[in-house]
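# Fold the following, please.
(one chain, ligands or ions: 1)
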Amino acid sequence: MNTSVDIAGVVMKNPVTVASGTFGSGMEFTDFVDLSCLGAVTTKGVANVPWAGNPTPRIAETPSGMMNAIGLQNPGVDTFLKRDLPFLTKFDTRIIVNVCGRSAEDYVDVVERLADSPADLLEINVSCPNVKEGGIAFGQNPDALYDITKKVKNAAKQPIIMKLSPNVTDITEMARAAEAGGADALSLINTITGMKIDIYKRRFAVANKTGGVSGPAIRPIAVRMVYQVAKAVKLPIIGMGGIATAEDAIEFIMAGATAVSVGTANFRNPAVTAEIVKGIEDFMTAQGIEDISEIRGCVE
Ligand SMILES: Cc1cc2nc3c(=O)[nH]c(=O)nc-3n(C[C@H](O)[C@H](O)[C@H](O)COP(=O)(O)O)c2cc1C
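Model (predicted):
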């Protein structure tokens, strides 16, 4: 049986990775999962300098999911290079580093400092507010997305995965903009902007007022977007949004994803990623599938 997949020339032993921000750099999960059984570990977003994140409360429960407004708290790329990457190289897994920034220069700075690091792939989170252009996220305007993709691609040594925001009218327009800018792969979806009000406190449930909704509640939207993007561009796709079981992961692969990321489900069951890897193998055996690529995008 062959479960390996190729993302822009980087071979993952299986299609399963974790969604950025839900798994740290894996350190907290080693009691539950052998990181070497994952196709890749995707790290929490890292910026050129430390970010404090948003005021608390920053998370809330929603029906079949959660809402977060962490605000991309991170220790900055210097600490990340010294502490997180050396830890991850101890495992037989690919390393995908998620990158965030408030300006094109921020992104380029991080990407340049990761150039000679052991990172295999860089995932560029374009859901960050573009401070110079009025705070609209880079990923919500096709021209801004094209520009940032081009600048990051020019600066990067590793292949770049542009992580698309679902908070747009037409996801295929954004996918095409990233492809035109030189992206090597795409990942989707990031969280969907939501709001929750605590009616007894008469206050927003998270201090930021709005937050990103994730978990099973968003899965059908994510599957639809992966399907649309797979039809619109030629790039490999890492699909995510509410994956909690092997069956969910296979749904994304059948929609056209090459690999999948597991996010919010890690908070409910920290061993879920290993279970999904095994569940995909079991499904392939039961269905007589020799190579995972046989089912990729198999729905028409
Ligand atoms: C607590 C939390 C933190 C997140 N942090 C990041 C981040 O740093 N960078 C990023 O690109 N996405 C981040 N995300 C989005 C996830 O990577 C993922 O795209 C989204 O949650 C959908 O997948 P899921 O439903 O499986 O969680 C975060 C999500 C959560 C819930």
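# Quick check: closest non-adjacent residue to residue 242.
residue 219 (3.2 Å; Cβ to Cβ, 6 or more residues apart in numbering). In this view, the C-beta of every residue, glycine as well, is placed from N, C-alpha and C.
# In contact with that neighbour, which residues?
241-243, 248, 251 (Cβ atoms under 8 Å, 6 or more residues apart in numbering).
# Ramachandran coordinates for the residue of the stretch 151-300 of the chain found nearest the ligand?
Nearest residue of the stretch 151-300 of the chain to the ligand (Cβ to the nearest ligand atom) works out as residue 263 at 2.4 Å. The phi/psi pair for residue 263 (degrees, to the nearest 10) reads phi -110, psi -100.
# repeat for the one 10 residues further on
Backbone geometry at residue 273, expressed as degrees, to the nearest 10, gives phi -60, psi -40.
# list the contacts for it?
Residue 273 neighbours (Cβ under 8 Å, 6+ apart): 16, 18, 33, 37-38, 262, 266.
# ok, the closest residue to the ligand within the chain - how many residues close by?
Nearest residue of the chain to the ligand: residue 21, at 1.9 Å (Cβ to the nearest ligand atom). Residue 21 has 24 neighbours, counted by other Cβ atoms under 10 Å.
# what helix or strand does it sit in?
Under the criterion DSSP states H and E, no helix or strand holds residue 21.
# Nearest residue to it in space, please, no chain neighbours.
That would be residue 44: by Cβ to Cβ, 6+ apart, it lies 4.9 Å from residue 21.
# buried sites along stretch 92-109?
93-104, 106-109 (16 or more other Cβ atoms under 10 Å).
# same check, this time on stretch 210-224
211-219, 221-223.
# any bit of it sitting next to the ligand?
Yes: legend: contact between stretch 210-224 and the ligand by Cβ under 6 Å from any ligand atom is shown at 214-215, 218.
# In strands, which of those appear?
Among the residues of stretch 210-224 next to the ligand, the residues falling in strands (DSSP state E) are residue 214.
# residues touching the residue of the chain closest to the ligand, list them.
By Cβ under 8 Å, 6+ apart, residue 21 lies in contact with 44-45, 68, 70, 72, 98, 263.
# before we move on, what about residue 77?
Counting by Cβ under 8 Å, 6+ apart, residue 77 has contacts 46-49, 109-110, 113-114.
# quick revisit: out of the contacts of residue 273, the closest to residue 154 would be?
Closest approach between these and residue 154, by Cβ to Cβ: residue 18, at 28.2 Å.
# and that closest one, backbone torsions?
With angles defined as degrees, to the nearest 10, residue 18 sits at phi -110, psi 160.
# Pretty sure it sits against residue 262.
Yes: here residue 18 reaches residue 262: they are 5.6 Å apart, a contact under Cβ atoms under 8 Å.
# List the contacts of the closest residue to residue 178 other than its chain neighbours.
Counting by Cβ to Cβ, 6+ apart, residue 178 lies nearest to residue 162, which is 4.0 Å off, once chain neighbours are set aside. Neighbouring residues of residue 162 by Cβ under 8 Å, 6+ apart: 124, 126, 139, 145, 149, 178, 181, 183, 185-187.
# out of the residues you listed, which are buried?
Taking 16+ other Cβ under 10 Å as the criterion, what is buried in those is 124, 126, 139, 145, 149, 178, 181, 183, 185-187.
# Those in strands, which ones?
The strands, defined by DSSP E, take in 124, 185-187 from the buried ones among the contacts of residue 162.
# so does stretch 118-126 get close to the ligand?
Yes: for stretch 118-126, a contact with the ligand is found by Cβ under 6 Å from any ligand atom, at residue 125.
# Tell me where the stretch 151-300 of the chain has helices.
171-180, 219-232, 246-255, 265-268, 272-287 (DSSP state H, counting those that start in this stretch).
# Counting neighbours, what do you get for the residue of the stretch 151-300 of the chain closest to the ligand?
24.
# List the contacts of the nearest residue to it once chain neighbours are set aside.
Leaving aside its chain neighbours, residue 263 sits nearest to residue 19 (2.9 Å; criterion: Cβ to Cβ, 6+ apart). For residue 19, the contact set (Cβ under 8 Å, 6+ apart) comprises 42, 214, 240, 261-264.
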